[in-house]
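Student: Build the 3D model from these lines:
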Amino acid sequence: MRYSTYLFLMLLVSCEGGNEKNNGNRFSDMAFSLDTVIIDPGDEIIFLKYQLSNVDISKDGKYLFNFNEHDHTVEKINLDELRLEEKIPFEKEGPNGTGPSGGSIRVHNENQITITGVAHTSLFSLDGKKLATIFYENFSFGEPGTKGGELLKAHPELDTDANRLYVLIYSYDDGSYALGILNLEEFEVAKLKLKSFEEVSNFEINYISGGIEIIEPPQVNLEMFGTKVILSTSITNTLAWYDTEVDSLLIRSYNSQLTANKKEKEYKKEHETFEELEAEKRRFRQEINFLRPFWDDKSQHFHRFSYQELPTSLAGVEIKANVYLTVLDADLNQIGETLVPQLTKRPAKHFAKDGKIWIYENMDDEMGFVRLSISE
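Tutor: Next up, the predicted model:
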């Protein structure tokens, strides 16, 4: 195979100063209201083990697809009718198999999804037929855990024409991150270094016990919206995005008036007891944390939550947090930010639908959502 590098334009744009769209704050006086809904499972039990960490929403916003690792089905949930509509069976082995580690799911179009395992991403039709498989070994990635080794993180995104796969690459050598663009026709890969991810490895928290090391890195995200592949981390409000139309990578930093723009404290990296590890993780969450941006088709805005947990000395008490919402336009210019007093804990899995933000809530072991409505 060949290795190629795309020509790209790197722009560093700050929302501080010359960005006119960031003057003022359109959302400082926003009014919020909440309601809750519960999904009717019928005679089935909806898979909720991982707090909906592995779901995706259809392009029209009507369906939520949830991978059930217990029975190897994809649960098709009708969000308009608030019910489990169908459980679509998938095979674990054989020519249409997802593989034993399958389960990372993305909606590709109205009739197809991708399911990602450790070593591959496969494209499936919604009747369980495998249409294509992308094996990472066919590209020049270093062996994980070795010198020059690399690890693919976050959920890969397959472009509309299914000829490029976008992945987030972590290098073991220096802890750096790059956007990987896999050309599936020529078997070429381009790696674009991500400047905004340079400090991520500084915030890794490690647990060492019995010769086994467990690394808990900050959250890193890769999401595709239209022609934008957006990359974000939990440690900073800076965003990077790759414009697929013009082959350019852009980076933008923001100036928040309500929170810090990034994590600034130093954290102990290595811990020998579980209690020590948990205490440091609580301290980590008590500094600002940024969640992934998501698109609201009705308002034509991007939204992004951030949160800061509040200290507590009471065991077994639900940990409260201050939750903030930042709003960006379609070009990712910040146009407003606000505290959301109605939200008092870290938002779980969430997405926008019909002008509301749906936030997952486990309600007596049923799939429920708190829906946040915004009005000016």
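
Student: Tell me what the residue most central in space within the chain is bridged to.
Tutor: The structure's the chain has its C-alpha centroid closest to Asn221; by Cα atoms, centre = their mean the separation is 4.2 Å. Beta-bridge pairing for Asn221 (DSSP bridges): Ser232.

Student: how much space between it and Leu64?
Tutor: 19 Å (Cβ to Cβ, to the nearest Å). (Each C-beta comes from the backbone N, C-alpha and C, glycine too.)

Student: I'd say the residue nearest to the centre of the chain and Glu157 touch.
Tutor: No. The criterion here is Cβ atoms under 8 Å, and Asn221 misses it with Glu157 at 10.8 Å.

Student: hmm, back to that, tell me how far the residue nearest to the centre of the chain lies from Ser201.
Tutor: The value you get for Asn221 to Ser201, if Cβ to Cβ is used, is 16 Å.

Student: what helix or strand does Glu337 sit in?
Tutor: For Glu337, the host element (DSSP states H and E) is strand 334-339.

Student: Could you list the buried residues of that strand?
Tutor: Neighbour-count burial for strand 334-339 flags Gln334, Ile335, Gly336, Glu337, Thr338 (criterion: 16 or more other Cβ atoms under 10 Å).

Student: Sheet partners, orientation included, of it?
Tutor: strand 321-328 (antiparallel).

Student: returning to that earlier point: which residues touch the residue nearest to the centre of the chain?
Tutor: Ala154, Ile230, Leu231, Ser232, Thr233, Arg292 (Cβ atoms under 8 Å, 6 or more residues apart in numbering).

Student: Neighbour count for these - can I get that in CSV?
Tutor: Output for those, formatted as CSV (neighbours: other Cβ atoms under 10 Å):
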residue, neighbour count
Ala154, 21
Ile230, 21
Leu231, 28
Ser232, 24
Thr233, 26
Arg292, 19
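
Student: Which one of these is nearest to Leu249?
Tutor: Lowest distance from Leu249 to the contacts of Asn221 (Cβ to Cβ) belongs to Leu231, with 9.0 Å.

Student: I'd say the closest one and Val200 touch.
Tutor: No. Here Leu231 lies out of contact with Val200, judged by Cβ under 8 Å, at a distance of 11.0 Å.

Student: Checking my notes, Ile169 in a strand, right?
Tutor: Yes. Under DSSP: H, G, I helix; E, B strand; the rest coil, Ile169 falls within a strand.

Student: For Leu231 and Val200, list the residues in contact with both.
Tutor: Looking at what touches both Leu231 and Val200 (by Cβ under 8 Å, 6+ apart), the common residues are Val220.

Student: Now do the contacts for Ile319.
Tutor: Arg282, Glu309, Leu310, Thr312, Lys345.

Student: From Thr312, how far off is it?
Tutor: With Cβ to Cβ as the criterion, Ile319 and Thr312 are 6 Å apart.

Student: now Ile357
Tutor: 26 Å.

Student: These two: who's more crowded?
Tutor: Ile357 (24 against 13; other Cβ atoms under 10 Å).

Student: Give me the phi and psi angles of the more buried one.
Tutor: Torsion angles at Ile357 (phi, psi; degrees, to the nearest 10) stand at phi -100, psi 120.

Student: Counting neighbours, what do you get for the nearest residue to it once chain neighbours are set aside?
Tutor: Sequence neighbours aside, Leu372 is the residue nearest to Ile357 in space, at 4.2 Å (criterion: Cβ to Cβ, 6 or more residues apart in numbering). As a burial measure, Leu372 scores 23 neighbours (other Cβ under 10 Å).

Student: Need the worst-confidence member of the contacts of Asn221.
Tutor: Taking the contacts of Asn221 together, the minimum pLDDT is found at Ala154 (84).

Student: For the one helix or strand that one maps to, which strands pair with it and how are they oriented?
Tutor: Per DSSP H and E, Ala154 falls inside strand 150-158. When pairs are called by DSSP bridges, strand 150-158 turns out to pair with strand 164-171 (antiparallel).

Student: Quick one: residues contacting Val323.
Tutor: By Cβ under 8 Å, 6+ apart, the neighbours of Val323 are Phe305, Ser306, Tyr307, Leu339, Val340, Leu343, Thr344, Lys345, Arg346, Pro347.

Student: quick check: angle from the helix or strand harbouring the second one to strand 321-328?
Tutor: When secondary structure is defined by DSSP H and E, Ser306 falls within strand 301-309. Orientation check (axes from the mean of the first three to the mean of the last three Cα atoms, to 10 degrees): strand 301-309 against strand 321-328 gives 160 degrees.

Student: Tell me the helices and strands packed up against strand 301-309.
Tutor: helix 274-285, strand 289-296, strand 321-328 (3 or more Cβ pairs under 8 Å, 6 or more residues apart in numbering; DSSP states H and E).

Student: Give the bridge partners for Lys353, please.
Tutor: Here Lys353, judged by DSSP bridges, has bridge partners Lys356.

Student: Could you pull up the residues touching it?
Tutor: Counted by Cβ under 8 Å, 6+ apart, Lys353 has contacts Ile57, Gly61, Leu79.

Student: Out of these, flag the one nearest to Ser125.
Tutor: Ile57 (18.4 Å).

Student: I'd like to know how many residues surround the closest one.
Tutor: Neighbour tally, Ile57, other Cβ under 10 Å: 18.

Student: and what of Gln342?
Tutor: Gln342 has 13 nearby residues by other Cβ under 10 Å.

Student: That one contacts Ser373, correct?
Tutor: No. Contact criterion Cβ under 8 Å: Gln342 and Ser373 do not qualify, at 9.9 Å.

Student: tell me, what's touching these two both at once?
Tutor: Joint contacts of Gln342 and Ser373 (Cβ under 8 Å, 6+ apart) are Phe32, Ser33, Leu34.
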